[in-house]
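Student: Show me how the following folds:
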Amino acid sequence: MNNNTRLVAVIGTMGLAASLTACSGGGGGGGALGSGETVTVITSQAPWNPAYDAVVAAYEAETGVDVDLRSFPNDEVKTQMLNDAQTGTHAFDVYQVNEVDMAQFNVSGLLMPLQDIDPDYQLDEEVFTYGGLPYWDEETKTFTEEGVLTSVPLLGNLQVFIYRSDIYEQLGLEVPETWAATIANGQEVIDAEAARYGYVQRFQGVPGTPQVTYDFAGILLGEGGSFFREQGVDWTPAMDSEEAIRAATIFRDLAELGPDDPKAVGQAEAIAAMQAGDSAQLSVVAAAANSMNDEANSNVLGKVGFAELPGGIAATGTWNLAVPADLPEERTGPALDFIKWVSSEEGMEVFVEAGGIPTRSDAYDADGIEESAQAYLDVVRQASETAQGPFRFEFMGEFLTVTEPILAAIAAGDVSPEEGMTQMQSELTAVVQEAGYPMN
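Tutor: The predicted model follows:
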């Protein structure tokens with residue numbers, strides 16, 4: 001296959017030596033939907049799986065096509081797809097690619113341009129593109145709507161802000177539109193002893209993965225900053241900018257409103273603190289928002305409000321459907337038909353009614369959405385219009401190996417925001433140089 005040598009290097013660098021689990025590929029049939037057809041789709045094991053299962057069941061019922069949905073732990077999905085591409089096993093007809101891996105998969109030539117399968121296929125205007133994510137520009141190694149269509153968003157995950165509406169009412173607080181106002185609200189909560197913590201989010205760093213860096217990104221974007229000066233043109237890191245240092249300072253101030261050991265606060269711990277009623281404010285991914293409405297586990301049922309992220313720009317964290325680049329021709333049509341249906345209004349309405357985060361604007365008006373979910377879904381739909389994807393480049397692993405421990409150290413007060421961002425600027429510059437991307 002194309003880019004085979006590069007792919008071997010990618011797998012070797014990441015230590016992805018696990019063998020591919022044996023499984024059969026999708027059936028033939030000339031690329032047309034029909035009874036007896038089988039489409040094999042890989043997916044991750046995630047809380048939104050029941051919603052995806054509902055979509056698959058509806059697709060099978062309508063088309064007569066069987067879907068072999070193969071689920072793997074979250075951190076194994078990429079390994080399975082890379083091994084599938086390297087070995088030419090053709091185990092899957094449809095790939096599910098995490099947004100943070102989209103650049104690597106496109107650079108390595110692992111995804112088939114969807115218009116190579118159907119020249120007339122175009123994304124419906126109701127589908128959110130999240131800043132051009134479905135379209136790959138090979139020349140600039142960026143995602144732009146002038147590029148080639150290689151994927152379709154499946155899960156519209158991004159960041160949202162959750163607050164204790166009862167405490168806000170008690171203290172006369174207003175929903176913050178800036179991070180400075182968020183900090184002020186949190187301090188007022190602590191001073192009034194209205195909650196144990198004024199604010200929580202993920203502060204725990206895990207090198208090589210988008211944990212604390214992802215949560216920091218929303219603050220950075222909201223302050224007008226970015227990780228690079230101009231992706232696609234000038235990849236010089238921008239961590240020494242006024243905006244980035246201000247974002248790091250806010251990040252530290254927010255951490256001081258939460259638990260004493262910020263490095264111990266991962267996403268699960270932040271969510272649990274809000275569910276327990278220990279915190280008055282939380283920033284978290286939209287996929288976790290409904291956990292506040294969980295009657296079995298939430299002590300704040302009916303006591304929370306949802307809003308767009310302070311600063312007005314959320315970071316995206318989508319999953320995306322694509323067709324493997326070298327899939328046999330007779331299987332490409334059924335693969336694309338599956339993607340088309342899942343991303344259609346009908347498919348996305350099934351998804352949202354079953355608890356998923358849809359990637360179409362019109363699906364947010366589905367009749368079957370539970371009333372308890374409508375409040376945060378309204379926020380997600382609005383935020384999807386302006387959300388940005390800060391993690392769309394090939395050298396993600398090396399980038400996150402630098403950013404995760406430094407940001408965690410800033411949150412914990414081990415280094416000052418200025419010192420931490422200076423260190424990050426230096427180390428990321430070396431990463432970009434090693435990757436061979438242009439810096440002016």
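
Student: Longest helix in the protein, by number of residues?
Tutor: helix 417-435 (DSSP state H).

Student: Now do that helix, average pLDDT.
Tutor: Here helix 417-435 scores 98 as its mean pLDDT.

Student: Pull out the buried positions in it.
Tutor: Of all the residues in helix 417-435, those buried under the rule 16 or more other C-beta atoms under 10 Å are Pro417, Gly420, Met421, Thr422, Gln423, Met424, Gln425, Glu427, Leu428, Thr429, Val431, Val432. C-betas here are computed from N, CA, C, even on glycine.

Student: nearest to Gly198, of those?
Tutor: Gly198 lies nearest to Pro417 out of the buried residues of helix 417-435, by C-beta to C-beta, at 19.0 Å.

Student: Distance check, the closest residue to that closest one other than its chain neighbours against Pro134.
Tutor: Leaving aside its sequence neighbours, Pro417 sits nearest to Ala248 (C-beta to C-beta, 6 or more residues apart in numbering; 3.7 Å). With distances taken as C-beta to C-beta, to the nearest Å, Ala248 is found 32 Å from Pro134.

Student: same thing with Tyr59?
Tutor: 20 Å.

Student: Ok, Thr429 next?
Tutor: Distance from Thr429 to Pro134, by C-beta to C-beta: 30 Å.

Student: do Asp93 as well
Tutor: For Asp93, the distance to Pro134 - C-beta to C-beta - is 19 Å.

Student: Would you map the strands across the stretch 101-250 of the chain?
Tutor: For the stretch 101-250 of the chain, the strands defined by DSSP state E, counting those that start in this stretch occupy 135-137, 142-143, 148-149, 152-155, 159-164, 228-230, 234-237.

Student: Quick one, grab the pLDDT at the residue nearest to the spatial centre of the chain.
Tutor: The residue lying closest to the centre of the chain (C-alpha atoms, centre = their mean) is Gly317, at 1.1 Å. According to the prediction, Gly317 has pLDDT 94.

Student: My read is that it contacts Val160, right?
Tutor: No: if you go by C-beta atoms under 8 Å, Gly317 and Val160 don't touch, sitting 11.6 Å apart.

Student: picking up where we left off before, how much space separates the residue lying closest to the residue nearest to the centre of the chain once chain neighbours are set aside from Leu257?
Tutor: Nearest non-adjacent residue to Gly317, counting by C-beta to C-beta, 6+ apart: Asn157, 4.6 Å away. To Leu257, Asn157 is 25 Å away according to C-beta to C-beta.

Student: And for Ala288?
Tutor: Distance, Ala288 to Leu257, by C-beta to C-beta: 20 Å.

Student: what separates stretch 189-209 from the chain centre, distance-wise?
Tutor: From the chain centre to the centre of stretch 189-209 is a distance of 21 Å (C-alpha atoms, centre = their mean, to the nearest Å).

Student: What are the buried residues along stretch 49-69?
Tutor: 51-52, 54-56, 58-59, 63, 65-69.

Student: most distant residue from the middle of this structure?
Tutor: Distance from the C-alpha centroid of the chain, by C-alpha atoms, centre = their mean, peaks at Ala192 (35.6 Å).

Student: check contacts around it.
Tutor: The contact partners of Ala192, taken as C-beta atoms under 8 Å, 6 or more residues apart in numbering, are Leu171.

Student: The same query, at a cut-off of 10 Å, please.
Tutor: By C-beta atoms under 10 Å, 6 or more residues apart in numbering, the contact list for Ala192 reads Ile167, Gln170, Leu171, Leu173, Gly198, Ala280.

Student: Tell me the buried residues within the residues you listed.
Tutor: Buried members of the contacts of Ala192, scored by 16+ other C-beta under 10 Å, are Ile167, Leu173, Gly198, Ala280.

Student: Residue ranges in the chain under the pLDDT threshold?
Tutor: The chain contains residues with pLDDT under 70 at 1-36.

Student: the helices in the stretch 151-300 of the chain, which residues?
Tutor: For the stretch 151-300 of the chain, the helices defined by DSSP state H, counting those that start in this stretch cover 165-171, 179-191, 212-222, 242-255, 267-275.

Student: er, the stretch 1-150 of the chain I mean
Tutor: Remark: helices assigned in the stretch 1-150 of the chain by DSSP H, counting those that start in this stretch are 4-14, 49-63, 77-87, 102-107, 114-117.
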